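[1] Provided below for reference: sequence and predicted model.
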Amino acid sequence: IAFAALIAGLLLEGDEPNFAFVYLASALCMAAFWLVLRRTQHAFRDPAYADTDIAGAVRRFWSVRDFRFVFLARFLLQLFYAWMVIYVPLYLFTEIGFGWREIGILLFIALMAFVLFEYPIGRIADRYIGEKEMMAGGFIILATTTAYMGLLSAPLLVPWMVTLFLSRVGASLVEATTESYFFKHTKDADAGVIGFFRITAPAAYLLGALFGTLTLAIASFAHAFLLFGLLMLPGIIFALALKDTR
């Protein structure tokens with residue numbers, strides 16, 4: 001994802017950015033993926049799957065306190081992703097004045113936080129301090145950096161680079177710890193519960209886009225990011241309400 005952002009920024013470089021190149025590159029990547037899939041998975045056969053009691057899975061998910069809070073924490077993280085994917089590039093281009101090449105570099109640096117930190121975060125959570133403290137710290141960083149984006153108004157690379165990178169450090173803390181915590185509390189029989197956990201991403205993108213559109217209809221981009229930051233704060237409560245694994 002980090003390299004995709006960088007390459008897209010380079011493809012869009014110029015006075016008249018042509019998005020057709022980006023979509024063409026994406027299509028070529030998908031064609032290559034299809035060819036690899038055809039060559040390596042042609043003999044794959046699905047095993048027999050047991051029917052899932054969806055209603056029962058939802059009831060179990062919501063009745064178990066730790067499942068409920070980690071679900072809400074994960075949902076807030078996915079809202080953050082939705083807003084960053086949809087609105088940050090638009091904000092940087094239309095309001096701040098960066099070119100697409102600079103935006104690609106900024107996003108590449110920001111997304112490298114996931115590459116650098118997610119593995120050590122998982123190791124620390126497993127071996128030393130558990131998940132909830134790092135999850136709460138991640139939400140503090142998310143709230144602070146997202147709100148601070150609304151206060152940055154100049155097209156200066158370094159402040160934006162630091163802010164975006166730190167925001168992804170916070171996201172990597174929340175992502176690694178929510179995944180780790182949830183799967184420590186599930187078994188192979190919890191397929192329905194795991195499926196319900198996975199809907200946080202599409203649900204958050206749907207509601208996040210709708211909420212962002214309504215917010216921008218009555219407020220500026222800067223005020224929208226201040227509001228997005230405030231909406232990350234309940235994640236601290238959700239994280240601290242979890243029963244610690246350590």
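    Thanks, I have it. Numbering: from 1, shown residues only.

[2] Tell me which residue lies nearest the centroid of the chain.
    Tyr81 (3.6 Å; CA atoms, centre = their mean).

[3] By mean pLDDT, flag the weakest helix or strand of this protein.
    Every helix and strand of the chain was ranked by mean pLDDT, DSSP states H and E. The lowest is helix 54-63, at a mean of 75.

[4] Which elements pack onto it?
    Packing contacts for helix 54-63, counted by 3 or more CB pairs under 8 Å, 6 or more residues apart in numbering; DSSP states H and E, involve helix 65-90, helix 191-198. Using the backbone N, CA and C atoms, a C-beta is placed for each residue, glycine as well.

[5] Give me the distance from the shortest one to the chain's centre.
    Chain-centre distance of helix 191-198: 18 Å, with CA atoms, centre = their mean, to the nearest Å.

[6] Can you dump the C-alpha atoms of it in CSV for me?
    The C-alpha coordinates for helix 191-198 follow below in CSV (Å, rounded to 0.1, in the frame of the first residue of the first chain):
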residue,chain,number,x,y,z
ALA,A,191,-16.3,-18.6,12.4
GLY,A,192,-19.5,-16.6,12.7
VAL,A,193,-18.0,-14.3,15.3
ILE,A,194,-14.9,-13.7,13.2
GLY,A,195,-17.1,-12.9,10.2
PHE,A,196,-19.0,-10.3,12.3
PHE,A,197,-15.7,-8.8,13.4
ARG,A,198,-14.6,-8.5,9.7
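
[7] buried stuff in the helix or strand just after it?
    Using DSSP states H and E, the helix or strand that follows helix 191-198 in sequence is helix 200-218. Within helix 200-218, the residues scored as buried using 16 or more other CB atoms under 10 Å are 200, 204-205, 208, 211-212, 215.

[8] what about Phe67, how many neighbours?
    Neighbourhood size, Phe67 [other CB atoms under 10 Å]: 21.
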